[in-house]
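J.: Okay, here's the prediction I keep looking at, along with the sequence it came from:
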Amino acid sequence: MFSFASSTRQLGRTQLFRTAARRCYATETAPKKPSNAPLYFMGAGVAGLGAYYYLNATGKSVITQEKSPLDPENFKDFKLKKIIPYNHNTSEFVFELPNNEASLLPVASCIVVKSSDPEALKDDKGKPIIRPYTPISPPEQQGELTLLVKKYDNGNASKHIHELKEGDTLSIKGPIPKFPYKANEFDEVALIGGGSGITPLYQLVTHALSNRSNRTKFTLLFSNVTEADILLKSEFEALKKKYPTKFDVIYILDKPPAGWTGPTGYISKELIQQHVAPPSLNEKVKVFVCGPPGQVAAVAGKKAGMKQGELGGALKELGYTEDQVYKF
Ligand SMILES: Cc1cc2nc3c(=O)[nH]c(=O)nc-3n(C[C@H](O)[C@H](O)[C@H](O)COP(=O)(O)OP(=O)(O)OC[C@H]3O[C@@H](n4cnc5c(N)ncnc54)[C@H](O)[C@@H]3O)c2cc1C
């Protein structure tokens, strides 16, 4: 049975979310009155070699960490500290970062993973199977990196991760830079996601909204098969409550329960037209897309491996240009 899981998990993620919401940026003006509570600053470069600062009680900034414990060039093994079941097919996997360090992953970026045991996860040609994942823990979270992974019964990497036990390790490389998000570059941002493809969009929107100078309006169109499949719903509801003029979310279900009042079926042209700012906003509108390959193709055209691929699907038919769309 689906439940939004145990109170322990809820508390854990609420704490993570609060940490993210408290985040400040090196480009912002520091608060005039230093508080007794440490206030964290982070300025992470695309290569992940950021610095992690906090203001101490006298308002003086102190650098505590120069470098991410992750390596963008080489896989490193990280210990799985905790597994927190999320729903019928998804769990949170909390990896331990050494010396209580933070990952300092820049937004937007992801990591890639493979098995620590070269024999455990290979393709037909004997090559290691490698897949991208986007942590749901904020970059400055100390000592932990959390992945929210949905299990596909016929999947390779997701099945391997779900078979790991606490104490096992996973080989991780990163950050892999994605879109270099800049505060207030756009007036309107649409996030179109499906299933576990939500994590890159979650990373981007939590980062953007927690910037106190943010002026961009974000609209998330999030499609799932059933209500039980909606990931991070309580986090999105909390964001909506906290930033009512800057964030909105519309859930779309393929198999809605009785009494469901939201949209149903796939994400259509009409739904996009209804909720997404028009292409006539030119460089002031951006649409980020992440979801199952079929959905990405229908909404924005197929990706070409790691490359963006031609723009297609509903967004192209509605007149959006390649510059206005980014596929994760
Ligand atoms: C930037 C980025 C970030 C990602 N972050 C996450 C994350 O945080 N959590 C997470 O669970 N996944 C995430 N994914 C998806 C992840 O990389 C894998 O594609 C997914 O776990 C399936 O891999 P697999 O090896 O188990 O399945 P595969 O062996 O590759 O495929 C098995 C079956 O699953 C289907 N399939 C493959 N990928 C998907 C998909 N994304 N949706 C639906 N069906 C699919 C295939 O068509 C096939 O039928 C992300 C993907 C990208 C591009």
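T.: Perfect, I can see it now. None of these values were measured; they are calculated from a predicted model.

J.: my read: residue 236 touches residue 222, true?
T.: Yes: look at residue 236 against residue 222 with Cβ atoms under 8 Å: they come within range, at 7.5 Å. The way it works is simple: take the backbone N, C-alpha and C, and place the C-beta from them, glycine included.

J.: Neighbour count: these two, which is higher?
T.: residue 222 (25 against 22; other Cβ atoms under 10 Å).

J.: Pull the contacting residues for that one.
T.: 191, 193, 194, 198, 230, 236, 249, 250, 251, 252 (Cβ atoms under 8 Å, 6 or more residues apart in numbering).

J.: repeat for residue 217
T.: 187, 188, 189, 245, 246, 247, 248, 277.

J.: what about the first one, how many residues close to it?
T.: When you say that, I think you mean residue 187. 14.

J.: What residue, apart from its backbone neighbours, is nearest it spatially?
T.: Among residues not flanking residue 187 along the chain, residue 284 sits closest, at 4.2 Å (Cβ to Cβ, 6 or more residues apart in numbering).

J.: list the residues that contact both of residue 236 and residue 222?
T.: residue 249.

J.: about what we covered before: for the buried ones among the contacts of residue 217, write the corresponding PyMOL selection.
T.: Typed into PyMOL, the line below selects the buried ones among those, using 16 or more other Cβ atoms under 10 Å:
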select buried, resi 188+189+246+247+248+277
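
J.: For the stretch 201-328 of the chain, what lies in contact range of the ligand?
T.: The stretch 201-328 of the chain has residues 292, 328 near the ligand, with proximity defined as Cβ under 6 Å from any ligand atom.

J.: Please name the residues that touch the residue in the stretch 201-328 of the chain positioned nearest to the ligand.
T.: Closest contact between the stretch 201-328 of the chain and the ligand, by Cβ to the nearest ligand atom, is at residue 292 (3.3 Å). With contacts defined as Cβ under 8 Å, 6+ apart, residue 292 is in contact with 194, 195, 197.

J.: Most neighbours among those residues, please name it.
T.: Result: residue 194 is most packed of those (other Cβ under 10 Å), 26 neighbours.

J.: State the distance from it to residue 231.
T.: 10 Å (Cβ to Cβ, to the nearest Å).

J.: Likewise for residue 190?
T.: 19 Å.

J.: Which of the two has more residues huddled nearby?
T.: Neighbour tally, residue 190 and residue 231, criterion other Cβ under 10 Å: the higher count belongs to residue 190, 24 against 21.

J.: would you turn the contacts of residue 292 into CSV with secondary structure, pLDDT and distance to residue 81?
T.: Shown next, in CSV, are these (DSSP: H, G, I helix; E, B strand; the rest coil; pLDDT from 0 to 100; distance: Cβ to Cβ, whole Å):
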residue, secondary structure, pLDDT, distance to residue 81
194, strand, 97, 29
195, helix, 96, 26
197, helix, 92, 25
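
J.: Just the buried positions in whichever strand or helix holds residue 218, please.
T.: Residue 218 is located in strand 217-224, with elements delineated by DSSP states H and E. By neighbour count on 16+ other Cβ under 10 Å, the buried set for strand 217-224 is 217, 218, 219, 220, 221, 222, 223, 224.

J.: domains of this structure?
T.: 7-65, 76-177, 188-327 (automatic domain parsing).

J.: Might you name the residue of the stretch 101-250 of the chain sitting closest to the ligand?
T.: Taking Cβ to the nearest ligand atom, the stretch 101-250 of the chain has residue 155 as its residue nearest the ligand, at 2.3 Å.

J.: would that residue count as being in a strand?
T.: No: looking at residue 155 with DSSP: H, G, I helix; E, B strand; the rest coil, it is coil, so not inside a strand.

J.: Next, count neighbours for it.
T.: Neighbour tally, residue 155, other Cβ under 10 Å: 15.

J.: Next, the contact list for the nearest residue to residue 148 once chain neighbours are set aside, please.
T.: Distance criterion Cβ to Cβ, 6+ apart; nearest residue to residue 148, sequence neighbours excluded, is residue 136 at 4.9 Å. Residue 136 sits next to 13, 16, 92, 146, 147, 148, 199, 202, 203, 232 when contact means Cβ under 8 Å, 6+ apart.

J.: Residue 131 too?
T.: Each residue near residue 131 by Cβ under 8 Å, 6+ apart is listed here: 112, 113, 114, 156, 157, 158.

J.: That one bridge partners, please.
T.: residue 113 (DSSP bridges).

J.: how close does it sit to residue 149?
T.: 10 Å.
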